[in-house]
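Colleague: need a 3D model of the following:
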Amino acid sequence: MNYSSPTMEDLPDELILMIFSYINALELSLVMSKVCKKWHSLINSRIIRIKRAEHYKKLHQGLQVIFVTNADPSIQKSETLISYVIRLTPRLRELTINSDFPLDKNSFKALSLLVHLRHLDVFAKKQVLNRDTHINPGISSLVVNETISNAFLASLRQNKVSSFHMYGRADYFIPREMDCFLTVHAAQLRDLTLRCSEMTDARFRVLAQCVNLVSLQLYMCPMLTKHGITPIVSLPALRRLHITGAVLLRSRGLLELIERLPPLVHDLNLSGSQFGGAHCGALGGRLPRLRALELWRSRVERAALLRLARRLPALARLDTDVELRAEHIRDLERHPALTQLRCRWKGAVTTSLSLTSSSQVYSGSFLRNSSEGPSAELFYFWTRDSPLPERPESSLPTLLLDNPCLGFKNIPCEQNDYMTPVDSD
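Modeller: Down below sits the predicted model:
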């Protein structure tokens with residue numbers, strides 16, 4: 001008697017939803033929901049993206065995740081939006097709202113009625129987060145989009161924060177308060193994103209306490225030197241590491257960093273650094289299982305980058321502003337794992353890779369400086385539903401990056417798009 005092997009189709013809905021709970025909600029909404037009608041129905045029963053006021057009709061008590069991703073004037077004020085959310089989705093666990101609908105003081109307080117809320121990603125109308133900004137005690141995942149004022153981090157002492165991300169305009173904070181915040185939450189922190197323009201080597205030492213960190217993204221690190229890398233490379237559970245703008249980390253210090261990286265890191269970003277051909281061999285030998293690599297505004301040349309890609313058999317995504325020719329892109333097609341490539345090129349290119357022009361990446365409405373690549377400059381582009389305009393490479397202006405210590409040449413500036421939602425109603 002022949003028995004067919006069980007598939008995902010045979011699993012009960014409850015078990016499928018349990019599996020989905022381990023996947024990022026945005027990825028579920030944009031990717032997984034398109035696999036089949038069953039998954040689409042299951043995911044949409046838990047996750048919704050509101051683009052217009054008429055989508056309020058889709059709100060129901062079973063929803064767990066809400067994205068407000070479109071600046072449609074029909075959505076009206078954030079107060080109206082919050083009132084609908086509180087009244088119709090009492091079991092909500094994750095809330096993300098576009099910057100065009102900032103919350104006032106009363107809206108933050110109203111969110112305390114959502115007792116199951118665990119993830120909050122919203123903007124403040126006053127553009128300053130301070131001790132008066134109410135954050136639900138149950139929130140464990142927080143995205144900070146504004147300037148952090150005195151005592152805001154101290155007010156989070158009662159929260160058990162496992163994910164903390166500084167994006168958008170969140171540039172400034174008191175380093176001493178950040179030290180205390182990281183010390184208090186060190187045991188449960190798993191994901192951490194910091195803007196580090198105010199942090200010296202001594203400040204990075206507190207990271208050594210965060211032994212459970214899986215993802216560490218340190219953007220704008222102009223004062224980091226080789227004396228500050230020890231606590232970073234000593235994190236045993238680290239899988240994602242982004243360090244950008246480390247202009248004081250000289251070639252020898254960068255080589256020391258690479259040689260001491262946790263061997264299980266599979267996502268690495270060293271944009272805005274002195275990474276060059278001399279570092280490629282060390283990186284290929286240290287992280288053979290690397291799956292994602294981002295190198296912008298570095299010293300690496302085309303030939304060395306291609307050799308590095310060949311030494312990384314698991315590399316699935318390569319993100320760079322290096323210019324490749326058509327024959328180089330065809331050569332990368334033979335890579336056993338590479339599926340996503342972002343680079344600069346000239347002329348028409350036909351490829352089986354998911355190819356994105358890095359000339360589309362930068363746009364003045366989302367970026368504040370041009371030295372550290374798309375991840376560091378991310379300003380909530382994933383909440384925008386409009387695709388980037390198609391522009392030929394030759395029409396782009398060339399921007400001088402005035403940084404003699406890194407020896408950058410004239411490189412076109414560009415804008416992040418690989419997390420841009422593209423879907424239909």
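Colleague: low pLDDT regions in this structure?
Modeller: Scanning the chain for pLDDT under 70 picks out the ranges 1-6, 8, 168-169, 360-371, 377-425.
Colleague: all helices for it, in order.
Modeller: Along the chain, the segments classed as helices by DSSP state H run 13-20, 25-30, 37-44, 78-88, 105-110, 175-185, 201-204, 230-233, 251-259, 277-286, 302-311, 326-333, 373-376.
Colleague: residues contacting the most centrally placed residue in the chain?
Modeller: With distances taken as CA atoms, centre = their mean, Ser375 lies nearest the centre of the chain, 6.2 Å away. Residues in contact with Ser375, defined by CB atoms under 8 Å, 6 or more residues apart in numbering, are 217, 219, 242, 244, 269, 271, 294, 416. For glycine as for every other residue, the C-beta is placed from the backbone atoms N, C-alpha and C.
Colleague: next one: Cys210
Modeller: Each residue near Cys210 by CB under 8 Å, 6+ apart is listed here: 182, 186, 189, 192, 216, 235.
Colleague: how many neighbouring residues does the nearest residue to Arg250 once chain neighbours are set aside have?
Modeller: Of all residues beyond its chain neighbours, the one nearest Arg250 is Gln274 (6.4 Å), with distances taken as CB to CB, 6 or more residues apart in numbering. Summarising burial for Gln274: neighbours were counted as other CB atoms under 10 Å, giving 23.
Colleague: Gln274 touches Val300, doesn't it?
Modeller: No: contact status for Gln274 versus Val300: not in contact, 9.7 Å apart, counting by CB atoms under 8 Å.
Colleague: where do the strands sit along the stretch 251-400 of the chain?
Modeller: In the stretch 251-400 of the chain, strands defined by DSSP state E, counting those that start in this stretch lie at 267-269, 292-295, 317-323, 340-344, 354-357, 398-399, listed in chain order.
Colleague: could you dump these to a markdown table with distance to Phe67?
Modeller: As requested, the strands of the stretch 251-400 of the chain are exported to a markdown table (distance: least, CB to CB, whole Å):
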| stretch | distance to Phe67 |
| --- | --- |
| strand 267-269 | 23 |
| strand 292-295 | 23 |
| strand 317-323 | 23 |
| strand 340-344 | 23 |
| strand 354-357 | 23 |
| strand 398-399 | 32 |
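Colleague: same list (those) but as a markdown table, adding distance to Ile139 and mean neighbour count.
Modeller: Below are the strands of the stretch 251-400 of the chain laid out as a markdown table (distance: least, CB to CB, whole Å; neighbours: other CB atoms under 10 Å):
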| stretch | distance to Ile139 | mean neighbour count |
| --- | --- | --- |
| strand 267-269 | 25 | 22 |
| strand 292-295 | 28 | 22 |
| strand 317-323 | 30 | 21 |
| strand 340-344 | 32 | 21 |
| strand 354-357 | 34 | 17 |
| strand 398-399 | 39 | 11 |
